[in-house]
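Q: Sequence first, predicted coordinates after that:
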Amino acid sequence: MNEYEITFIVNPDKEEETGKVLDSVKGFIEKKKGKIKDVDEWGLKKLAYSIHGYGEGYYTVMNFGLSPDKIDLLRDFIQKNEDILRYILVSKEE
């Protein structure tokens, strides 16, 4: 199991659903036998540049462990979620 960090930005129009988006990502990782280490919700932040016409977004940073063969499945899951404007996924392995 490798260590990863994902930062994602949720559509600001979905303020009430931010928790649901976070729970869906956490649930997907746990369903794939991953382990959530830490979740840091930064909240609403101004974007450096507009994304799909939005100037703000809800930032969340999550550290987790997951088997490397499941990472592509996680990327597909995130990309299909219309409430997530942008994400970055990095490996914390040296």
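A: All right, it came through fine.
Q: if we look at the longest strand along the chain, which residues are touching it?
A: Scanning the chain for the strand with the most residues, using DSSP state E, yields strand 35-51. Contacts of strand 35-51 with the rest of the structure, by CB atoms under 8 Å, 6 or more residues apart in numbering, involve 1, 3, 9, 12, 15, 18, 22, 26, 29-30, 54-66, 85-86. Yep, even glycine has a C-beta here, placed from its N, CA and C like the rest.
Q: Please point out which parts of the helix or strand following it sit buried.
A: Note on strand 35-51: by DSSP states H and E, the next helix or strand toward the C-terminus is strand 54-66. Buried residues in strand 54-66, counted by 16 or more other CB atoms under 10 Å: E56, G57, Y58, Y59, T60, M62, F64, L66.
Q: Can I get these in TSV including distance to D40 and pLDDT?
A: Formatted as TSV, those follow (distance: CB to CB, whole Å; pLDDT from 0 to 100):
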residue	distance to D40	pLDDT
E56	18	95
G57	15	94
Y58	12	95
Y59	9	95
T60	7	95
M62	8	97
F64	12	96
L66	18	95
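Q: Take those residues and lay them out in JSON lines including distance to L47.
A: Converted to JSON lines, the buried residues of strand 54-66 look like this (distance: CB to CB, whole Å):
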{"residue": "E56", "distance to L47": "6"}
{"residue": "G57", "distance to L47": "6"}
{"residue": "Y58", "distance to L47": "11"}
{"residue": "Y59", "distance to L47": "9"}
{"residue": "T60", "distance to L47": "14"}
{"residue": "M62", "distance to L47": "19"}
{"residue": "F64", "distance to L47": "24"}
{"residue": "L66", "distance to L47": "27"}
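Q: can I get the CA coordinates of the helix or strand encompassing L74 in CSV?
A: Of the helices and strands defined by DSSP H and E, L74 is found in helix 71-80. The C-alpha trace of helix 71-80 is given here as CSV (Å, rounded to 0.1, in the frame of the first residue of the first chain):
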residue,chain,number,x,y,z
ILE,A,71,-5.1,4.6,-8.4
ASP,A,72,-6.4,4.7,-12.0
LEU,A,73,-9.9,3.7,-10.7
LEU,A,74,-9.8,6.6,-8.2
ARG,A,75,-8.8,9.0,-11.0
ASP,A,76,-11.7,7.8,-13.1
PHE,A,77,-14.1,8.1,-10.1
ILE,A,78,-13.0,11.7,-9.4
GLN,A,79,-13.1,12.8,-13.1
LYS,A,80,-16.7,11.5,-13.4
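Q: Perfect, I'm done here.
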